[in-house]
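Trainee: Here you go, sequence then predicted model.
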Amino acid sequence: MTKENDNYDRLVRMLRNSRPDLFRPENIENEVIKRIQSRNQSSGMFSGFIDALFGWVYIGWVRRSLIGVSVLLVAIFVYQQAFIIRQVNNISKQVVIIGSESSSVSSSALDKRLALYRLTVRLSPDREIRISESRLEELLDSYDDLQVKYKDLLRIIEEDPELKSYIENRLKEDKEYKPDI
């Protein structure tokens, strides 16, 4: 076994000491230097541009700061999208008045329309009611006429004492026969 080890060591030493025969070693050396320089020159402009453009990426605190900013931007985006979805849901539940009448309608008339619409939705929440603009306008006009006539009737009753006493007596009689519900 030692003989094999000795042979192996001697062979390794011999290989280490022997050098290859080179023809014109200066030419080979010059050629290697030229190739290295040509590689550095061709990639020098591009790599210099890349290093100048993205050199800040290798700075640790800048990288961590940019990660923090990107997480913050994603959180703001998610919040904004949730807010927009909430607003869209609220808008879809609101009444929309379409047409040229919306600009000429007074605020009290608009309030009356909205109150009437809400009343119809409360009366039948499980089914959707569609009322045309003309039918809604007709209903509101008749409601306004009814209010005017009621006020006139109350004024007439207040002015005539006989009529007032007659109506009060009739209401008392009706109340006795009809229980309050």
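Mentor: In hand now; what should we look at?

Trainee: Now do the domain split for this protein, please.
Mentor: 22-58, 95-177 (automatic domain parsing).

Trainee: looking at those domains, which has the lowest confidence?
Mentor: The stretch with the lowest mean pLDDT among the domains of the chain is domain 95-177, at a mean of 72.

Trainee: What is the neighbour count of Ile157?
Mentor: 14 (other CB atoms under 10 Å). Backbone N, C-alpha and C define where each C-beta goes, glycine included.

Trainee: Then Asp160?
Mentor: Using other CB under 10 Å, Asp160 has 12 neighbouring residues.

Trainee: Next one: it from Asp152, what distance?
Mentor: 13 Å (CB to CB, to the nearest Å).

Trainee: before we move on, what about Arg13?
Mentor: For Arg13 relative to Asp152 (CB to CB), the value is 132 Å.

Trainee: and if you look at Leu140?
Mentor: 19 Å.

Trainee: mind checking the longest helix of the protein?
Mentor: Determined from DSSP state H, the single longest helix within the chain is helix 60-92.

Trainee: helices or strands next to that helix in the packing?
Mentor: In terms of contacts (3 or more CB pairs under 8 Å, 6 or more residues apart in numbering; DSSP states H and E), helix 60-92 is not packed against any helix or strand.

Trainee: avg pLDDT for that helix?
Mentor: 92.

Trainee: Make 144 the starting number, not 1.
Mentor: OK, 144 is where the count begins now, so the last one is helix 203-235.

Trainee: how far is that helix from where the chain is centred?
Mentor: 9 Å (CA atoms, centre = their mean, to the nearest Å).

Trainee: same thing with stretch 201-215?
Mentor: In this view, stretch 201-215 has its centroid 25 Å away from the chain centroid, taken as CA atoms, centre = their mean.

Trainee: same deal with stretch 285-304?
Mentor: For stretch 285-304, the distance to the chain centre is 53 Å (CA atoms, centre = their mean).

Trainee: now swap in stretch 166-185 and tell me
Mentor: The answer for stretch 166-185 is 61 Å, by CA atoms, centre = their mean.

Trainee: next one: stretch 219-239
Mentor: Put simply, stretch 219-239 sits 7 Å off its chain's centre (CA atoms, centre = their mean).

Trainee: what does stretch 308-319 give?
Mentor: 62 Å.

Trainee: what does stretch 297-308 give?
Mentor: 62 Å.

Trainee: what do you get for stretch 174-193?
Mentor: Using CA atoms, centre = their mean, the distance from the centre of stretch 174-193 to the centre of the chain it belongs to is 50 Å.

Trainee: That concludes my questions; thank you for your assistance.
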